[in-house]
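**Q** for reference, the sequence and a predicted model appear below.
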Amino acid sequence: MKRLMNYRILVLATLVTLGACSGQPGKEDRPHYYGTQEAFAEEAIYFLLTDRFVDGDPGNNHEDQGGEHPTFDRPMPGPEGKEANVGYLGGDFQGILDNADYLAELGITALWISPIVDNPDQAFTGGDPVGFAQPGDGGKTGFHGYWGTNFFKVDEHWESEGLTFADLTRRLREEHDLKIVLDIVANHSSPAYSMPEDQPMFGEVRGPNGELIADHENLEPEELNPNNPLHAFYEREKDLAQLGKFDADNPAVMDYVVDAYLQWIDQGAAAFRIDTLRHKPHAFWKEFTDRIRAEHPDFFMFGESFVFDADFLGAHTQPENGGLSVLDFPAQETLTAVFENPDSDYADIQGYLHLEDGPYHNPYELVSFYENHDIRRMDGDTEAYINANNWLFTSRGIPSIYYGSEIGFMPGTKEHEGNRNYFGTEGIEQARDHAIAKNLGQIAHIRQESIALQKGLQVNLDFEGDQASFLRVYQDDHQAQTALVLLNKGEAGTSITVDRWLNEGEWYDAASGERFDVEGQLTLRVPANGVRVLLFDGVVNNEALADRLAELQQL
């Protein structure tokens, strides 16, 4: 990130001057304070379902695909003119690249895209029938990408002439300073049984040369023959929907998924989001992550374990279980409860953070979010989204925004109700002048240029009613910065006073550049539904703060 690199050079020069002129500790003497040293903590994530973002190349829509079980544009009408869709709608790599500047303007640095691997070419005829607000897979297509049939091959809906996956990752990186987070599946293939008649590709797995290596053959899991090599890839117990679940104990399965995903790293994937983490044992993920890291030692991976229990999630993060980061589902539950309700108390937001006593290996490396494709979107107004983003981009964790959140897209809707509806150029044009998007761009760029907000320890000050205040502190041999965050989710502006743990000296407003000479305490006006971030570039010089940081750093 070019801005951040320039910023760090400026901070380093400032610290050299401060150390020489103010009697502050030299670099070799200063204590280290940080929440994490993980490089990926510098990123801000935008999660998009490729098919639902923007159709940049109508030539790869394959509108006639599927025969009697077509895959393109399968609407599900609902009440009062509402509609969802379970068919392909055209979004592709070209649509992502065409709008990369827009995403960078939002302060996004990493794009989490849905799985790219080949999916079946028909709508699924088995399972429970799907409908508006009605769960089920019967009639759905693989527009979402999670029904892999060949994990070495890109699905035909995504690439364009001259724009392969490798081209996309290279051009995003070189032209827009954006990374790709690739969504991957290692738990299952496509829907594999319950079809009235066996459909091509469903329940099949093919290798790098197109060879058939597994086939569920439309059999119930209990009917699979473990002595049949094509069946041996799969477990013989039902699990999630009618998906063909891979056998975690079969070495061929591990070889297959490792080899496939190493290929995509070689083509430019910068990180993985791992689907259905809780459906495989820890030992499986330990071997998978060990083998990926043997080739790419610092590769960042975070998983989806769809539970709201921090103790359960924390087990995934332990080194002996693979040392994965996870999506912070307790954060999602808490943030929607706080920001959907104008009368909520900021004191209630602290419980999910686990800054001192939590079950996570490192809570600062979790991916925080309030919306995604599996959970209903936040049912809030413009101010609710603004306040949620102000918190998300200043508090601990790596922030992740779901496509459309920048305009409050389809608020309150679940999957099959509009949660995954098409965004398109219309949504992007709407976002350019939308209050949520403008605020998101401001607070995301402040985070992008602050090492303290990215990686610093969080020291909570006061949380009560509509106001919250806390510090983020980062200090090592090369950089030292403290951020003071003041939040107000109330409908009127207010003054917030901080009278403890403030470093003495010059602070400045991260948005306006306004300077403040601080000694002991500080009172600032915070606008309605607003945030103020003040930065102090220098080593910690408040003794009480240093004591508190030492306690937190040892945990």
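**A** Good, I have the coordinates. Numbers count the residues shown, from 1 in each chain.
**Q** would you say R420 is within a helix?
**A** No. In this structure, R420 is coil, not part of a helix, as judged by DSSP: H, G, I helix; E, B strand; the rest coil.
**Q** measure it to A550 for me?
**A** Noted for R420: a distance of 47 Å to A550, by CB to CB, to the nearest Å. To be clear about C-beta, it is placed using only N, CA and C from the backbone, and glycine gets the same treatment.
**Q** with H62 instead?
**A** Taking CB to CB, one finds H62 at 60 Å from A550.
**Q** more neighbours: which of those two?
**A** Of the pair H62 and A550, H62 is the one with more neighbours under other CB atoms under 10 Å, namely 16 against 11.
**Q** contacting residues for the more buried one?
**A** Residues near H62 by CB atoms under 8 Å, 6 or more residues apart in numbering: T71, F72, Y88, E156, H157.
**Q** try it again at 7 Å.
**A** By CB atoms under 7 Å, 6 or more residues apart in numbering, the residues touching H62 are F72, E156, H157.
**Q** check N503 too.
**A** So N503 contacts T482, F536, G538, V540, N541, N542, L545 (CB under 7 Å, 6+ apart).
**Q** so which of the residues you listed belong to strands?
**A** T482, F536 (DSSP state E).
**Q** quick check on the contacts of N503: which are buried?
**A** T482, F536, G538, V540, N541, N542, L545 (16 or more other CB atoms under 10 Å).
**Q** show me the two of those residues that sit farthest apart.
**A** G538 and L545 (12.5 Å; CB to CB).
**Q** what's the end-to-end length of stretch 315-330?
**A** 14 Å (CA to CA, to the nearest Å).
**Q** just the buried positions in it, please.
**A** 315-317, 321-330.
**Q** from those residues, which is closest to D275?
**A** L327 (10.5 Å).
**Q** low-confidence bits of the chain, can you list those?
**A** 1-28, 555 (pLDDT under 70).
**Q** for the helix or strand where E506 lies, buried residues please.
**A** Element membership of E506 [criterion: DSSP states H and E] is strand 505-509. By 16+ other CB under 10 Å, the buried positions in strand 505-509 come out as G505, W507, D509.
**Q** got those as a markdown table, with distance to N389 columns?
**A** Shown next, in a markdown table, are the buried residues of strand 505-509 (distance: CB to CB, whole Å):
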| residue | distance to N389 |
| --- | --- |
| G505 | 30 |
| W507 | 23 |
| D509 | 18 |
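**Q** quick check, nearest of those to A452?
**A** W507 (11.9 Å).
**Q** wait, what's in contact with that closest one?
**A** L484, F516, V518, L534, L535, F536.
**Q** likewise S495?
**A** Contacts of S495 by CB under 7 Å, 6+ apart are T523, L524, R525.
**Q** out of those, who has the most neighbours?
**A** Of the contacts of S495, with other CB under 10 Å as the count, L524 tops at 18 neighbours.
**Q** return the distance of the closest residue to that one other than its chain neighbours relative to V498.
**A** Distances taken as CB to CB, 6 or more residues apart in numbering put R532 closest to L524, at 5.5 Å, once the chain neighbours are dropped. According to CB to CB, R532 stands 11 Å off from V498.
**Q** do E161 as well
**A** Taken as CB to CB, the span from E161 to V498 is 57 Å.
**Q** ok, R420 next?
**A** Distance from R420 to V498, by CB to CB: 42 Å.
**Q** likewise for Y403?
**A** 36 Å.
**Q** tell me which of the two has more neighbours.
**A** A count of neighbours by other CB under 10 Å puts Y403 above the other of Y403 and V498, at 26 against 20.
**Q** okay, now the closest residue to the more buried one other than its chain neighbours: neighbour count?
**A** Using CB to CB, 6+ apart and skipping residues adjacent in sequence, the residue nearest Y403 is L48, 4.0 Å away. L48 has 23 neighbouring residues, counting by other CB under 10 Å.
**Q** and what of Y193?
**A** Neighbour tally, Y193, other CB under 10 Å: 22.
**Q** who is it paired with across the strands?
**A** N218 (DSSP bridges).
**Q** from memory it sits against L219, does it?
**A** Yes. Assessed by CB atoms under 7 Å, Y193 is found in contact with L219 at 5.9 Å.
**Q** where along the stretch 401-550 of the chain do the helices fall?
**A** 424-432, 435-448, 451-455, 543-553 (DSSP state H, counting those that start in this stretch).
**Q** one more: the stretch 201-350 of the chain?
**A** So, for the stretch 201-350 of the chain - with DSSP H, counting those that start in this stretch - the helices run 251-266, 282-295, 310-317, 329-339.
**Q** show residues contacting the helix or strand just after the last one.
**A** Pointing back at helix 329-339 there. Using DSSP H and E, the next helix or strand after helix 329-339 towards the C-terminus is strand 367-368. Residues outside strand 367-368 that contact it (CB under 7 Å, 6+ apart): I45, F302, S325, L327, D328, A331, L392, G397, I398, P399, S400.
**Q** give me the phi and psi angles of the residue nearest to R377 when sequence neighbours are not counted.
**A** Of all residues not flanking R377 in the chain, E371 sits nearest, at 4.9 Å (CB to CB, 6+ apart). Note on E371: its backbone torsions stand at phi -140, psi 150 [degrees, to the nearest 10].
**Q** and E371, what does it touch?
**A** R377, M378, Y402, S405.
**Q** can you lay out the residues you listed as a markdown table showing distance to E426?
**A** Below are the contacts of E371 laid out as a markdown table (distance: CB to CB, whole Å):
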| residue | distance to E426 |
| --- | --- |
| R377 | 18 |
| M378 | 21 |
| Y402 | 17 |
| S405 | 16 |
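**Q** T141: which of those residues is nearest?
**A** For these, the nearest to T141 is Y402 (20.8 Å; CB to CB).
**Q** bridged to the closest one, which residues?
**A** Beta-bridge partners, per DSSP bridges, of Y402: F47.
**Q** ok, it - contacts?
**A** So Y402 contacts F47, F369, E371, N372 (CB under 7 Å, 6+ apart).
**Q** ok, of these, which one's closest to E211?
**A** F47 (33.2 Å).
**Q** if I look at that closest one, how far off is Q199?
**A** 30 Å.
**Q** over to the residue nearest the centre of the chain. Which of the three states is it?
**A** The C-alpha lying nearest the average C-alpha coordinate of the chain belongs to S400 (CA atoms, centre = their mean; 4.0 Å). Per three-state DSSP, the secondary structure class of S400 is strand.
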